[in-house]
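Asker: for reference, the sequence and a predicted model appear below.
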Amino acid sequence: MQDVQNGSPEFPLPIDRVGVKNLKVPLLVQDRIHGRQHTVADVNLCVDLPGKFKGTHMSRFLEALSCWSEVLTYESFRDLLSDVSSRLEAQKAHMRFDFPYFYALRTPVSGHEFHMDYKSFLAGEFALGRIKMTLGVEVPVMTVCPCSLAISRHGAHSQRAYVKIRCGYKGLLWLEELIDMAMFSGSSPVYPLLKREDEKYVTDQAFSRPSFVEDVVRYAAFRLNQHPRILWYEVEVESFESIHNHSAYAMISGGEMPLDSRV
């Protein structure tokens, strides 16, 4: 049969990335406590395409995934990217898994346990036999405004903020480590389940530790700076203000972030 993709394009320009997006697959990820957990991922898979080819072979992306059914680790991710690069005869292959990661949180007083879901991703680029990995997570926290607390007679405004971390790393880096760094950088963690005694504890704790977005992002960055396996990072905090029609925002980056950090 005729291979149209290998034909000549009208405009022979090289394409940086071409592939498939928003492909849903079942996924096994590493879990620090239980070893592994089942989740569902949105997958983006791309390769570069030289200007002499009209198109890529989209089916080969899914063929590579269908032959891969391992726990998501550094090694298995590298092997999958290498396979995609080989199947598509590409110089570079890019992949990103976006998935909810479930982490059991225990209420601070009553001791009840319930799983909290965190938006997470693992992305990578494979080129010339080398791989570049990026791990990321988004964690909600509670913040109490220090200014409002200082000038108000009866209390202060509080709100939910989100701490977003993405980083490059070496060795084994657990998602739980990033979640913990983010979770304790605000005035209080956010819990999926709270009894009355827990709610009192959380409220008292939050008001004893008021935090601007600047405080939250600095604390998270300080913790990231101390981690021996993190090579570079970017941490963002967005606070969905309860008394304003806009968000407060702060960002810090550190380490030697690659020039091309779009993964």
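Answerer: In hand now; what should we look at?
Asker: what residue ranges in this structure score low on pLDDT?
Answerer: Low-confidence segments of the chain (pLDDT under 70): 1-12, 54-55, 257-263.
Asker: and if we set it to 90?
Answerer: Counting by pLDDT under 90, the chain contains low-confidence residues at 1-16, 48-61, 66-71, 73-75, 78, 85-91, 127-131, 153-155, 170-172, 255-263.
Asker: straight-line length of stretch 223-238, end to end?
Answerer: Stretch 223-238 has its terminal residues 18 Å apart, counting by CA to CA, to the nearest Å.
Asker: what does it contact?
Answerer: Stretch 223-238 has contacts (CB atoms under 8 Å, 6 or more residues apart in numbering) with 161-173, 177, 181-182, 185, 213, 216-217, 220-221, 247-258, 261. Where C-beta positions appear, they are placed from N, C-alpha and C, glycine not excepted.
Asker: and the residues you listed, which are buried?
Answerer: The neighbour-count criterion (16 or more other CB atoms under 10 Å) marks 161-169, 173, 177, 181-182, 185, 213, 216-217, 220-221, 248, 250, 252, 254, 257 among the contacts of stretch 223-238 as buried.
Asker: follow-up on the earlier one: let's see which of the contacts of stretch 223-238 end up in strands.
Answerer: Residues of the contacts of stretch 223-238 located in strands (DSSP state E): 161-169, 247-255.
Asker: and the helix or strand Lys21 falls within, which strands flank it?
Answerer: For Lys21, the host element (DSSP states H and E) is strand 15-31. Strand 15-31 pairs in its sheet with strand 35-49 (antiparallel), strand 71-72 (parallel), by DSSP bridges.
Asker: now do the shortest one: everything it contacts.
Answerer: Looking back up the chat, that one is strand 71-72. Contacts for strand 71-72 (CB under 8 Å, 6+ apart): Leu27, Leu28, Val29, Gln30, Arg36, Phe97, Leu122.
Asker: wait, the first one sits on His38?
Answerer: If I follow you right, that is Leu27. Yes: judged on CB atoms under 8 Å, Leu27 makes contact with His38 at a distance of 7.4 Å.
Asker: so which of those two has more stuff around it?
Answerer: Legend: neighbour count by other CB atoms under 10 Å for Leu27 and His38, higher for Leu27 (19 against 10).
Asker: so what's the gap between the one helix or strand Ser239 maps to and the chain middle?
Answerer: Assigned by DSSP H and E, Ser239 falls within strand 230-240. Centroid separation between strand 230-240 and its chain, computed with CA atoms, centre = their mean, to the nearest Å, is 10 Å.
Asker: in it, what counts as buried?
Answerer: Ile230, Leu231, Trp232, Tyr233, Glu234, Val235, Glu236, Val237, Glu238, Ser239.
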